[in-house]
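A.B. asks: structure for the following, please:
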Amino acid sequence: MNSVIIQDKWYKSLPAELQRAIDQASFVSTTVNRGVCTALEQKGIKFIQEKGMKVYAPTAKEKETFRVAQKPVIEFLKTKVDKAWIDKIFKATEQAEKELGYK
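C.D. replies: Residues are numbered from 1 along each chain as shown. Have a look, this model is predicted:
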């Protein structure tokens, strides 16, 4: 998971040009970080497979079963965490899955 955290009041006090520069730098650094993480993950998977470990990737149907099973947990979290944050996490996850070709 990647994130860029910045103090909102300070960010909004910046000229639009600097806000755009920060937005672009955040996008680039997050994209690069995702790429590095993916490459390291693939390297790690290959390494452990070469050592004899079996690696299992769940099917789309199994992933969907998990998504359905997690719904009560999500509803519980909504009573403990601002729903907006949960929605942001799901939106970011969906975007990342599309960008990485998982969907």
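
A.B. asks: Val81: what secondary structure?
C.D. replies: Following DSSP: H, G, I helix; E, B strand; the rest coil, Val81 is assigned to coil.

A.B. asks: what about the protein, any weak spots by pLDDT?
C.D. replies: 1, 103 (pLDDT under 70).

A.B. asks: in it, which spans are helices?
C.D. replies: In the chain, helices defined by DSSP state H lie at 8-13, 16-50, 60-78, 83-99, listed in chain order.

A.B. asks: tell me the domain boundaries of this structure?
C.D. replies: 1-53, 57-103 (automatic domain parsing).

A.B. asks: how about the helices of the chain in CSV, adding distance to Asn2?
C.D. replies: Quick note: C-beta positions are derived from backbone N, CA and C, even for glycine. CSV is the format used below for these (distance: least, CB to CB, whole Å):
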stretch, distance to Asn2
helix 8-13, 18
helix 16-50, 5
helix 60-78, 21
helix 83-99, 9
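
A.B. asks: dump those helices to TSV, plus mean neighbour count.
C.D. replies: What follows is these, written out as TSV (neighbours: other CB atoms under 10 Å):
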stretch	mean neighbour count
helix 8-13	9
helix 16-50	11
helix 60-78	11
helix 83-99	12
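
A.B. asks: distance of Ala16 from Thr38?
C.D. replies: Look at Ala16 and Thr38: by CB to CB, to the nearest Å, they are 33 Å apart.

A.B. asks: now swap in Glu17 and tell me
C.D. replies: As judged by CB to CB, Glu17 and Thr38 stand 32 Å apart.

A.B. asks: next: Val28.
C.D. replies: When distance is defined by CB to CB, Val28 is 16 Å away from Thr38.
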